[in-house]
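**Q** Build me a model from this:
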Amino acid sequence: MTQLVYSTEELFSEHDFAAPQVVEGQRLHGGFLADGTYQPPRALGRSEALDAWTEALRARGGELFDADASLLTGPRVPNLAQHRILLRAGIGQAFWNMLTVTGKIEAKGRLLADVTFPDLSDVVAEDISEMAIGHLGRGLLVAHGLDEGGLPDEGIGGHDVMWFVARDLAFGAGAHPDVDPPESIGRPETGERSMPELPPEIEGLLSFLMNLLLIEFRAEIGFALSQEVLRTPGLFPDREDEAELAAELIERIRTDELVHVRSLRLYLGELRAVPLRTVDGGTVAGAEVIDRAWAGLVRWATVEQPALVADQQRRTLDDLVAGHPDATALRTELDAAADPGVVPLAS
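**A** Predicted coordinates for the structure are as follows:
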């Protein structure tokens, strides 16, 4: 009989690592099997559980939530070509900032390990004890948070530290000033709820899971861009080996993130397949609620937000270019490589 109920200890179980992950003297999470294959942290039990829950969902006629990173289109500033132009012009701070900000955003993900989320068992009109959504508070969300923010008290870095190590491999520690993430451009509050038939705290949790999935998709696009920059010949002439190791470190982060994307698609797939109790004492199909909220969120993330973020980043980039000896010619070159729809730097 397939196991569908897991303890926190089982969900936190690790592979039998032949060697820990240590880069530049920093202990990082995860490790390597005897054949050198990298394995994410806390992935042994989680992977087994995700397989079992996915099979059970499909046996009930459900499916993983149908979404992937390809839905996130829109302009990017700087894009790959512009990062290459900047680095060749001796302006490394834009890429340094990108790696630093990514690490600091990852660090914020540790809140999943520190916040108590509402239990879905009261709102789902079915027994969820043998589903992934019945285990969110039994280790799944905590494990996700620890992946992002690590175990600092034990000296084990998560994705946050992995990004800082990758940055310092490419540039050298302290090559540029520290930087904080730019002001968040969040979805405007309209006062209208997308799931008014559910208790507010449950709507908050479901919205959080959907937003988290979009964040993972957006991150995947940025991770791929970072690797392409790091692997571009000639951009890090005195640190090519270090830049390649940085790209490999990001590949390990991407391996970890596959667990997160798979988990979130499973949670939302399970929620679509169950009836949800409403505040008026009735029920509503999970698919109706999830699909409605997702449609509004995707519109914001793919139509409205990208242009706002691009404009914000364009102004930051213009400030970096202003100090270059030939700023006018550099702006012209950057504008020629810009994504469609981006306001020119030279304007």
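
**Q** Spatially central residue for the chain, please.
**A** Closest to where the C-alpha atoms of the chain average out (C-alpha atoms, centre = their mean) is Glu216, at 3.0 Å.

**Q** The residue nearest to that residue when sequence neighbours are not counted: helix or strand, and which one exactly?
**A** Distances taken as C-beta to C-beta, 6 or more residues apart in numbering put Val261 closest to Glu216, at 5.1 Å, once the chain neighbours are dropped. The way it works is simple: take the backbone N, C-alpha and C, and place the C-beta from them, glycine included. Using DSSP states H and E, the element containing Val261 is helix 240-272.

**Q** So for the following helix or strand past that helix, mean pLDDT?
**A** Next along the chain after helix 240-272, taking DSSP H and E as the criterion, comes strand 275-277. Strand 275-277 comes out with an average pLDDT of 98.

**Q** buried stuff in strand 275-277?
**A** Pro275, Leu276, Arg277 (16 or more other C-beta atoms under 10 Å).

**Q** coming back round to it: which parts of the helix holding Val261 are buried?
**A** Across helix 240-272, burial judged by 16+ other C-beta under 10 Å covers 242-250, 252-254, 256-257, 259-272.

**Q** returning to what we had before: thought the residue nearest to Glu216 was touching Ile215?
**A** No. Val261 is beyond contact range of Ile215, at 10.4 Å (criterion: C-beta atoms under 8 Å).

**Q** now stretch 88-106: how far from the chain's centre is it?
**A** The chain centroid and the centroid of stretch 88-106 are separated by 17 Å under C-alpha atoms, centre = their mean, to the nearest Å.

**Q** With only the CA atoms kept, save that stretch in CSV.
**A** Taking Å, rounded to 0.1, in the frame of the first residue of the first chain, the C-alpha atoms of stretch 88-106 are listed here in CSV:
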residue,chain,number,x,y,z
ARG,A,88,32.6,44.8,-21.5
ALA,A,89,32.4,48.5,-20.7
GLY,A,90,33.7,47.9,-17.2
ILE,A,91,30.4,48.4,-15.5
GLY,A,92,30.0,45.3,-13.4
GLN,A,93,27.8,46.8,-10.7
ALA,A,94,24.5,46.1,-12.6
PHE,A,95,25.3,42.3,-12.6
TRP,A,96,26.7,42.5,-9.0
ASN,A,97,23.5,44.2,-7.9
MET,A,98,21.4,41.5,-9.6
LEU,A,99,23.2,38.7,-7.8
THR,A,100,23.1,40.5,-4.5
VAL,A,101,19.4,41.4,-4.7
THR,A,102,18.6,37.9,-5.7
GLY,A,103,20.3,36.6,-2.6
LYS,A,104,18.6,39.0,-0.3
ILE,A,105,15.2,38.2,-1.8
GLU,A,106,15.9,34.5,-1.3
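
**Q** I would like the residues contacting it, please.
**A** Residues outside stretch 88-106 that contact it (C-beta atoms under 8 Å, 6 or more residues apart in numbering) are 78, 82-83, 86-87, 148-149, 158-164, 166-167, 170-171, 175-182, 219, 222, 226, 229, 234-235, 316-317, 320-321, 324, 330.

**Q** Give the burial count for the nearest residue to Thr232 once chain neighbours are set aside, as a bare number.
**A** Closest residue in space to Thr232, ignoring its immediate chain neighbours: Arg84 at 5.8 Å, by C-beta to C-beta, 6+ apart. Per other C-beta atoms under 10 Å, the neighbour tally for Arg84 reads 18.

**Q** got the buried residues for whichever strand or helix holds Arg84?
**A** With secondary structure defined by DSSP H and E, Arg84 is part of helix 80-88. By 16+ other C-beta under 10 Å, the buried positions in helix 80-88 come out as Leu80, Gln82, His83, Arg84, Ile85, Leu86, Leu87.

**Q** now those residues in TSV, with distance to Asp114 and pLDDT?
**A** TSV is the format used below for the buried residues of helix 80-88 (distance: C-beta to C-beta, whole Å; pLDDT from 0 to 100):
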residue	distance to Asp114	pLDDT
Leu80	35	95
Gln82	37	96
His83	34	97
Arg84	39	97
Ile85	41	97
Leu86	37	96
Leu87	37	97
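
**Q** Give the PyMOL command for selecting the buried subset of the contacts of stretch 88-106.
**A** A single PyMOL command is used to select the members of the contacts of stretch 88-106 judged buried by 16+ other C-beta under 10 Å:
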select buried, resi 78+82+83+86+87+148+149+158+159+160+161+162+163+164+166+167+170+171+176+219+222+226+229+235+316+317+320+321+330
